[in-house]
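Student: coordinates only, sequence not included:
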Ligand SMILES: Cc1cc2nc3c(=O)[nH]c(=O)nc-3n(C[C@H](O)[C@H](O)[C@H](O)COP(=O)(O)OP(=O)(O)OC[C@H]3O[C@@H](n4cnc5c(N)ncnc54)[C@H](O)[C@@H]3O)c2cc1C
C-alpha cells in the first residue's frame, strides 16, 4: 500500500511540473478540447485527444482522477467485450506497479450453496485473484447458448474473469499517462458550473471560481450530463414507457425508477478474529428490506476484500433523500450489513472494516437525448445485425438493474455496438457526451455503463474531437469511416468476433 501511495504522490508532483500547451490569461483558459469530468470516460477522452496532438484541459472536481472507479470504490472492471484500446494500455501501466492490479476468477456463489460441502450459504458472489489468467480472459461476458450439462455456474466459473485494481494506483496511473502526453492540463479540485453559448454551440464553460474555458470542442464526461443539461440539451431520466422506443422490457408507463446506489466498503485482515461491534444506534437487523441484500466480494491483490452490496439503496430513494441524508443512511446500512456478514459467516470474523468509499456509487442518473438513442433492440440484435455505419465500441454486459424494478434483465446474446451518434447531443455542433449519461435508453444504460465501456466512449470522443480539428469539420460531421479507422489503429475492438491482429496485440502485452 505504501508503494502505491508513493506512486500516487509522484504522479501528483509530475502533474504540477508539466506545462501543457493550453494558455490562461485574465481568467480565460484557452485550449482545443475541454473535457469536463475526470472519471473513466473523461480520462479516455482526454488521453485519446492529447495523444493525437490536441491541446486538452481536463476539469475534475474531485481531488483525484477516476470518478466511480476510484472515489466510489468500484475498483473492478467486470468481464466484458470491448475493453481493448486505452483500458488495455492502462492495465499494462498498472501491472508495472507491484500489487496494483490482478485478474480474478469466480469463487463461491449463493445460488450454488451445497449444505453437504459448505457450512453456510455464501452471502453473495465471490471473486478471487487468479494468477493463471491473462487480460484477454477478461474480455468476454456472453456465454454460449445452453444446454450446459455441468450447470451454468460451472460455465461462468470457467469463462468469467475480471480485473481488480488498487484505487490510488489507478488514479496515479491515469494522471501520469495524461501528463506524459505533454498536451493535457489536468485541473483537479475544479468544478464546472455553467455554459455560455447558443442552442447549437457552446462558447465557453464557466468554472465555479469564475474562470472560463474557451475551446473548439467540449466533452461532457460528468457522469450525469451536467454540461449538456446546462446547455439546454434534451435529457431523459427514469424508465421510459414501452411506447417510446418499443422496447419489450420497458414498463407500460414511465417511472421515476433508476438503478440502485451502492456505498462500497473494504475489509482488511484483522489481527484477531472477532465480530466488530456496530456503532450505537445502528440496528443489527435489516430495516430497509425483508432481508440483507447480497454482495459481491472481490479480492484485492493484497488479500483485502471489496464489498459491493447489490444495492445499498434504491436509486430513486437516494435522489428523494438528497445527497447528505442519503449518504448518512447508506453508512448505517454498511455497518449493519458488515455486522450481518460477520455474524452469519464465520470466515469474515478474520477481517475488519477498514474503508468506506468517500462517494456513493451512482449507477444511473439522467441521460442525454442524442442523434441516436441506443435501445434494447440494439442489445438483442448484436453488432453484425445492427448495421450502424458508426459503431465506435462493443459491449456485452447483461441488462442489470440492481433493485429489480424492470422486466428487462438477463444476459445479452453477444456483443453489440454503440454508435458514435449516441455521443452527439441532438442538434449540437461542438459538444459530445461521453459517460454513463450518453444517449442510452434506461434499459440500454443498465448494460452499457461499465467502466471500460465508458473509457471507450471517451476514447471515441477524444479521437473524434482530434479528427474534427484536423479535417476542419464540426463534431457531428466527422466521417464515421475515418473515426473507425483511427480507433482500429488504436486497437479498439469494433467487430465481433475479435480480429486476429487485435487478439495478437493483447497476447503480446497481456
Ligand atoms: C456501485 C457500482 C458498482 C459498479 N460495478 C462495476 C463493475 O464491477 N465493473 C464495471 O466495469 N463497472 C461497474 N460499475 C459501473 C461503472 O463504475 C460506472 O458506470 C463508470 O465508472 C462511470 O464512469 P463515468 O466516467 O461515466 O462517470 P464517473 O466515474 O462518475 O466520472 C464522472 C466524473 O465527473 C466529475 N464531475 C461531475 N460533475 C462535475 C462538475 N460539475 N465539475 C467537475 N467534475 C465533475 C466527477 O467528480 C467524476 O469524477 C459500477 C457502478 C457502481 C455505481
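Tutor: Structure's in. What do you need? Being a predicted model, the structure only gives us computed values, none of them experimental. Numbers count the residues shown, from 1 in each chain.
Student: residue ranges with poor pLDDT in the stretch 151-300 of the chain?
Tutor: By pLDDT under 70, the stretch 151-300 of the chain has no low-scoring segment.
Student: for it, what spans make up the strands?
Tutor: 161-165, 184-187, 192-197, 202-207, 212-214, 217-220, 235-236, 261-262, 265-269, 295-299 (DSSP state E, counting those that start in this stretch).
Student: most tightly surrounded among those?
Tutor: strand 217-220 (a mean of 32; mean count of other CB atoms under 10 Å). All C-beta spots, glycine's among them, are computed from the backbone N, C-alpha and C.
Student: That one: how far from the chain's middle?
Tutor: Distance of strand 217-220 from its chain centroid, counting by CA atoms, centre = their mean, to the nearest Å, is 18 Å.
Student: Also stretch 98-106?
Tutor: Worked out by CA atoms, centre = their mean, stretch 98-106 lies 18 Å from the chain centre.
Student: Over to stretch 136-154?
Tutor: With CA atoms, centre = their mean, you get 23 Å for stretch 136-154.
Student: repeat for stretch 353-362
Tutor: 16 Å.
Student: what does it rub up against?
Tutor: Stretch 353-362 is contacted from outside by 62, 68, 71-74, 223-224, 261-268, 276, 304, 308, 312, 315, 318, 326-327, 330-331, 334-335, 338, using CB atoms under 8 Å, 6 or more residues apart in numbering.
Student: any low-confidence regions in this protein?
Tutor: 1-20, 401-409, 510.
Student: Spell out which parts of it neighbour the ligand.
Tutor: Taking CB under 6 Å from any ligand atom as the contact definition, the chain meets the ligand at 36-42, 59-62, 67-69, 72, 74, 76-78, 191-192, 221-223, 226, 262, 264, 308, 361-363, 435-436, 449-452, 454.
Student: and residue 131, helix, strand or coil?
Tutor: The three-state assignment at residue 131 reads coil, by DSSP: H, G, I helix; E, B strand; the rest coil.
Student: How about the contacts made by it?
Tutor: By CB under 8 Å, 6+ apart, the contact list for residue 131 reads 102, 103.
Student: With the one 10 residues further on instead?
Tutor: With contacts defined as CB under 8 Å, 6+ apart, the neighbours of residue 141 are 78, 79, 80, 81, 160, 396, 397, 398, 411.
Student: for the residues you listed, which one is nearest the ligand?
Tutor: Minimum distance to the ligand across these is 3.6 Å, recorded for residue 78 (CB to the nearest ligand atom).
Student: Quick check: chain neighbours aside, which residue is closest to that closest one?
Tutor: Nearest residue to residue 78 in three dimensions, chain neighbours excluded: residue 162, at 4.9 Å (CB to CB, 6 or more residues apart in numbering).
Student: ditto for residue 451
Tutor: Nearest non-adjacent residue to residue 451 (CB to CB, 6+ apart): residue 40, at 4.4 Å.
Student: Please enumerate the helices of the stretch 401-510 of the chain.
Tutor: 442-448, 451-471, 480-489, 500-509 (DSSP state H, counting those that start in this stretch).
Student: so how far is residue 70 from the residue nearest to the spatial centre of the chain?
Tutor: A centroid search over the chain (CA atoms, centre = their mean) returns residue 451, at 2.5 Å, as the residue closest to the centre. Distance, residue 451 to residue 70, using CB to CB, to the nearest Å: 10 Å.
Student: do the same with residue 34
Tutor: On the measure of CB to CB, residue 34 and residue 70 end up 21 Å apart.
Student: One more: residue 315?
Tutor: For residue 315 relative to residue 70 (CB to CB), the value is 21 Å.
Student: Check residue 277 too.
Tutor: Distance from residue 277 to residue 70, by CB to CB: 30 Å.
Student: ok, those two, which is more surrounded?
Tutor: A direct count of neighbours by other CB atoms under 10 Å for residue 277 and residue 70 places residue 70 higher, at 28 against 9.
Student: How much space separates the closest residue to the more buried one other than its chain neighbours from the ligand?
Tutor: Nearest-residue entry for residue 70: residue 167, 4.4 Å, with adjacent residues in sequence omitted and distances by CB to CB, 6+ apart. Taking CB to the nearest ligand atom, to the nearest Å as the measure, residue 167 falls 12 Å from the ligand.
Student: How about residue 211?
Tutor: Taken as CB to the nearest ligand atom, the span from residue 211 to the ligand is 13 Å.
Student: Quick check: phi and psi on that residue?
Tutor: The phi/psi pair for residue 211 (degrees, to the nearest 10) reads phi -70, psi 160.
Student: How about the contacts made by residue 253?
Tutor: Taking CB under 8 Å, 6+ apart, one finds residue 241 in contact with residue 253.
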